[in-house]
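Peer 1: Fold the following, please.
(2 chains)
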There are 2 protein chains.
Amino acid sequence: MSLFPHIYTYKMDNLALFEANNVPLTPITFLKRASECYPNRTSIIYGQTRFTWPQTYDRCCRLAASLLSLNITRYDVVSILAPNIPAMYEMHFAVPMTGAVLNPINTRLDAKTIAIILRHAQPKCLFVDYTFAPLIQEVLRLLPFDASKLHPLIISIIEIDSTTKRSSMELDYEGLIRKGDLTLSSSASLFRVHNEHDPISLNYTSGTTSEPKGVVISHRGAYLTALSSILGWEMGMCPVYLWTLPMFHGNGWAHTWSVAARGGTNVCIRNVTAVEIYKNIGLHGVTHMSCVPTVFRILLEGSRTNQSHKSLPVRVLTGGSSPPAALLEKVERLGFQVMHVYGLTEASGAALYCEWQDEWNRLPKHQQMKLKARQGVRNITLDEVDVKNTKTRESVPRDGITMGEIVLKGNIVMKGYLKNPKATSEVFKHGWLNTGDIGVIHPDGHIEIKDRSKDIIISGGENISSIEVERVLYEHQKVLEAAVVAMPHPLWGETPCAFVVLNQGETNQRDREKESVAKEGDLIKYCRENMPHFMCPRKVVFLEELPKNGNGKILKPNLRDIAKGLVVDEDDTRSKKVQGRGGNNVSSRL
Amino acid sequence: MSLFPHIYTYKMDNLALFEANNVPLTPITFLKRASECYPNRTSIIYGQTRFTWPQTYDRCCRLAASLLSLNITRYDVVSILAPNIPAMYEMHFAVPMTGAVLNPINTRLDAKTIAIILRHAQPKCLFVDYTFAPLIQEVLRLLPFDASKLHPLIISIIEIDSTTKRSSMELDYEGLIRKGDLTLSSSASLFRVHNEHDPISLNYTSGTTSEPKGVVISHRGAYLTALSSILGWEMGMCPVYLWTLPMFHGNGWAHTWSVAARGGTNVCIRNVTAVEIYKNIGLHGVTHMSCVPTVFRILLEGSRTNQSHKSLPVRVLTGGSSPPAALLEKVERLGFQVMHVYGLTEASGAALYCEWQDEWNRLPKHQQMKLKARQGVRNITLDEVDVKNTKTRESVPRDGITMGEIVLKGNIVMKGYLKNPKATSEVFKHGWLNTGDIGVIHPDGHIEIKDRSKDIIISGGENISSIEVERVLYEHQKVLEAAVVAMPHPLWGETPCAFVVLNQGETNQRDREKESVAKEGDLIKYCRENMPHFMCPRKVVFLEELPKNGNGKILKPNLRDIAKGLVVDEDDTRSKKVQGRGGNNVSSRL
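Peer 2: Residues are numbered from 1 along each chain as shown, chains lettered A, B, ... in the order given. The predicted structure follows:
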């Protein structure tokens, strides 16, 4: 068969790998590249503080050198409890440069949960922003170590432009940077990782039900996720990126590294408030930001008093939960160009991108927003995505109707849960990352989530997607936020119960204009006009605020607990007054 | 030091790799993704033929299945001799889907060189476009096999929309696709490669001096190059890509795979003529194309008679040789937005991108073009680039003046030269890919090539960059093309000799308006006014066309041979008439 069988013995693959062509994939190299390729560009803006990329490079190298001198080494965990300040950004490079693993802790957690995380992660040292000093004292009291013998290595981070003098003995962040001795370890060696499958980051999921699990991300996974974020979002050169998404949240969906790869500017802010957001957009020409949809509420309310709209459009990536079409439309009207992604900590960041299709331009705006609210298609570095029948594990048809569990496969998927082989093998069963999210595939290939598997409401054997009910509620002009969960029903087993926050304007007017306020009966009537009857909520509870976890996700388990205490009278679409344990707890839980 | 030394034994890295999170990197997955995520988009346009991504996916799977049934397997070489037709594109996926290695052969080579390549590559089969049937007959006569026993497996590619009937026995491309039996091998298995370091492509360099060398590219390298092309060029979703760059040229700088990754449309054309280019731009809304700067000449000359300018701007990536600023300016005036890259087959495609800097917008147009003509900064997937003193191998200062050899390191660098350990170890000496190109690093991090090391002219001990002399010549309004090489000089050793093609308008007028034509003396005078005297050419030879290789690169060795036969009179800046062997050969060589 061969042209030359007599010499067809020379294997194509006998070429060894060379130093010149085999380099472990790691996002920390983006920092070195940025300092060399974008030497004049601003890397970080934080209040009055500004750094260029060569300065950030230098600070990270020095910090890494100091960490090495503290015996931080490969596989060690280094935890940090801090908001989106420069130190938080720098540590995304400096810590893995030593071979250690960064563990950014959700700052909105309580002392008990943080103690659980520290006990599990076993960090060699812990960096703490000064504002969390009291919290960490409380955490340390909960930890089971003998303080006389084993002193935790705690490094404090004070305000970067602070002039407060401290003892030279005390370990503090800026002190470590100052003392970093680059003669001890060449900066080149800091950018070589042993193995691209080595862990780079340890991120605890903010489990709404169970104890947090430690998601281990590899250098290779982080590298590919960082690139795919740029690709999926079509992030051009030199973005000005406003840090509204917490960096502790899946490393800011890996955008910590993406911004370096693009030679962009990180605008860091301590507090995500409307004033801070609009001020920084106006001052620095912000081009990009990411956030969970709950931040849209801040943007909408703040838009009344903040006048930085001339600086818009800003491109916004949103995920974490499905943004209702009506909410998307409101935010886009302000000048934010929203792209919707679906991600999870277990996939290092965004896995699906709702890529815009040219043919959608011809559709009415509202229809466009409905399409935009779908989760989309897999990012380029995700090898496969599928929707599987939860029982047979067969792929569902691409009909936009048949539901199944969304499963993922690819290099951006985590290595596993730390010290939790049971949960790891469970989540990787059948050769996929099983997300626990229930969705459909549309004929155009776009995936749409219908619900978390545990949030599905099963009423008389019919699956009701809580998200679909919420979508209709959001379209009501008086509804600011809505969450729908199952409540017990004597005949149907379960039935939907809605928790609703009204627009602030509506709330304020409530006393004055009682007649015009959306009442429970009105909302239920509205639902019956806009969806199949069996999907309609039989109970609507009005709240000032929905309960949320540290990442801004609505805590449906808490709402379910409340709903369990509510009883529906079968003869009436209106429920009787709250009874039992759930009812008593409403205010204390929220 | 640890918070919990008593339990600090659990290694971070004990997580095994799972099927769900460890997938070999390969660009062939982009095809599967495109068919799933962009099912309605056009993948290929070729004359009246159009395919969607699911159709291209199906055709590639069938072709791969047929190849498997022909016993094509891992590490086998499959060669192809074809222009930019759909088959050429499809084989970039179908061949590696079988584990085999694609070897696209430069169609502009002569029979002797093709025979050398086939003898070296040992393909198991060879696909030949019908227009090259006579050429391949000539090639086969040069090959040392016993025709009675060993029949080469040659597969012909006829025009895709041809209605010609052929015997069912004859092996032809469309027949293989028709016969491809997907029940024998699941399409899923076709998208799994054994190892991401496996070779995907074998591309012979069009060596201007020596025998061609077989550059082996890995799946991993091709994957990363394809992504970095999108990133470096900021290629958005759904580009319409016109194939002016031959796909045999380093797999079209890996854009074969990039376009699939973006769900784009490949506009294939057989012949790169002004008529074809402008017609297709007008018909299909072309957004992107790539070419060597010599194609600019076609664009410029064709612009007079072709009126598709309303469809411009088209974004053009150019590389292969430095585009003179004056030429860039002319092409941009037509509506082409040019980005300059530096690449080489040994780096799988473009390695440096001349990324636009915002501050350049404030500069005059001509100055902008000068900056744009520099080679730029390394692409994101290239780990390192440096410029090394050729003797000490130390890095040169970033001063924009000190010359050295450009060296590269990273995963996009080839695996090596096939069956050529000597050349491989030579090119990888000192742990880098040594490019043989001489350049400088500017303070802003951008690299600028001064010359190929062998093209540098050494005059009285001074290095003269032939590219710099050419740049000045190109700025002369009457010069269309220029190439400068060394000619012997009795006193200085070497001195520059220029070969110049005048604008067609100038050539036509030459007879009529002899006085106004740029003459040798005029050009030399012009040079003396615009560059240091020692750099000025002492001889200018006017040609109708410059000699070029199959990739459109100017063959400087041929010009050097001519220049060797020219003699400079030391007392005069004008040379004497041609003497010796070189002179006699001028016309036959060109």
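Peer 1: Nearest spatial neighbour of A:K124, chain-adjacent residues omitted?
Peer 2: A:D76 (4.5 Å; CB to CB, 6 or more residues apart in numbering or on different chains). C-beta: built from backbone N, CA, C; applies to glycine.
Peer 1: and that neighbour, backbone torsions?
Peer 2: Per-residue torsions, A:D76: phi -70, psi 150 (degrees, to the nearest 10).
Peer 1: what does the stretch 51-200 of chain A have sitting close to chain B?
Peer 2: Where the stretch 51-200 of chain A comes near chain B, counting by CB under 8 Å from any CB of the partner chain, the residues are A:70-71, A:75-77, A:101, A:118-119, A:122-126, A:143, A:145, A:150, A:152-153, A:197-199.
Peer 1: quick one on the thing from earlier: how much space is there between the residue nearest to A:K124 and A:V23?
Peer 2: Using CB to CB, to the nearest Å, A:D76 is found at 23 Å from A:V23.
Peer 1: tell me the domain boundaries of chain A?
Peer 2: Domain assignment of chain A by automatic domain parsing yields the ranges A:29-441, A:456-589.
Peer 1: So for the last one, mean pLDDT?
Peer 2: Which is domain A:456-589. If you average the pLDDT over domain A:456-589, you get 74.
Peer 1: So which of the domains of chain A is the most surrounded?
Peer 2: Scoring these by mean neighbour count under mean count of other CB atoms under 10 Å in any protein chain shown gives domain A:29-441 as the most buried, with a mean of 20.
Peer 1: need the helices for the stretch 451-590 of chain A, in chain order.
Peer 2: Under the criterion DSSP state H, counting those that start in this stretch, helices of the stretch 451-590 of chain A are mapped to A:466-474, A:504-509, A:520-530, A:556-564, A:580-589.
Peer 1: Equivalent analysis for the stretch 151-300 of chain A, please.
Peer 2: Secondary structure of the stretch 151-300 of chain A (DSSP H, counting those that start in this stretch): helices located at A:173-179, A:187-190, A:219-233, A:250-253, A:255-261, A:274-284, A:294-302.
Peer 1: Comparing those, which yields the minimum mean pLDDT?
Peer 2: That would be helix A:187-190, which, of all the helices of the stretch 151-300 of chain A, carries the lowest mean pLDDT at a mean of 76.
Peer 1: same for that helix, what does it pack against?
Peer 2: Helices and strands touching helix A:187-190, by 3 or more CB pairs under 8 Å, 6 or more residues apart in numbering or on different chains; DSSP states H and E, are helix A:53-69.
Peer 1: just checking, what packs against the helix it packs on?
Peer 2: Under the contact criterion of 3+ CB pairs under 8 Å, 6+ apart, helix A:53-69 touches helix A:29-37, strand A:42-46, helix A:86-97, helix A:173-179, helix A:187-190.
Peer 1: Write out the residues of the stretch 201-350 of chain A neighbouring chain B.
Peer 2: Near chain B, when you scan the stretch 201-350 of chain A using CB under 8 Å from any CB, you find A:L202, A:V216, A:G221, A:L227, A:I230, A:L231, A:E234, A:G236, A:M237, A:C238, A:A261.
Peer 1: tell me the contacts of the spatially closest residue to the fourth one that is not a sequence neighbour?
Peer 2: The one in question is A:L227. Of all residues not flanking A:L227 in the chain, B:L227 sits nearest, at 6.1 Å (CB to CB, 6+ apart). Residues in contact with B:L227, defined by CB atoms under 8 Å, 6 or more residues apart in numbering or on different chains, are A:L227, A:L231, A:I380, A:T381, B:S258, B:A261, B:T381.
Peer 1: on that earlier part again, could you dump the helices and strands packed on helix A:53-69 to TSV with distance to B:L480?
Peer 2: Output for those, formatted as TSV (distance: least, CB to CB, whole Å):
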stretch	distance to B:L480
helix A:29-37	34
strand A:42-46	43
helix A:86-97	49
helix A:173-179	57
helix A:187-190	46
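Peer 1: Let's have the contacts of B:L227 in a markdown table, adding distance to A:F542.
Peer 2: Conversion of the contacts of B:L227 to a markdown table gives the following (distance: CB to CB, whole Å):
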| residue | distance to A:F542 |
| --- | --- |
| A:L227 | 45 |
| A:L231 | 43 |
| A:I380 | 44 |
| A:T381 | 44 |
| B:S258 | 53 |
| B:A261 | 48 |
| B:T381 | 53 |
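Peer 1: which residues touch A:E481?
Peer 2: If you count contacts by CB under 8 Å, 6+ apart, A:E481 has them with A:T294, A:R297, A:V500, A:V501, A:L546, A:I554.
Peer 1: which of those residues sit farthest apart?
Peer 2: Maximum pairwise distance in the contacts of A:E481, criterion CB to CB, is 14.8 Å, between A:T294 and A:V500.
Peer 1: so how far is A:S290 from the spatially most central residue of chain A?
Peer 2: The central residue of chain A, meaning the one whose C-alpha is nearest the mean C-alpha position (CA atoms, centre = their mean), is A:H249 at 4.7 Å. In this structure, A:H249 and A:S290 are separated by 9 Å, where distance is defined by CB to CB.
Peer 1: Same check on A:N389?
Peer 2: Relative to A:S290, A:N389 is positioned 33 Å away (CB to CB).
Peer 1: A:E329 too?
Peer 2: Computed with CB to CB, the distance linking A:E329 and A:S290 is 19 Å.
Peer 1: Same question for A:N503.
Peer 2: Here the distance between A:N503 and A:S290 works out to 25 Å (CB to CB).
Peer 1: again with A:S43
Peer 2: Using CB to CB, A:S43 is found at 18 Å from A:S290.
Peer 1: So for stretch A:349-362, first residue to last residue, what's the gap.
Peer 2: This stretch, stretch A:349-362, spans 31 Å end to end (CA to CA, to the nearest Å).
Peer 1: One more: stretch A:123-142?
Peer 2: For stretch A:123-142, the separation between the terminal residues is 15 Å (CA to CA).
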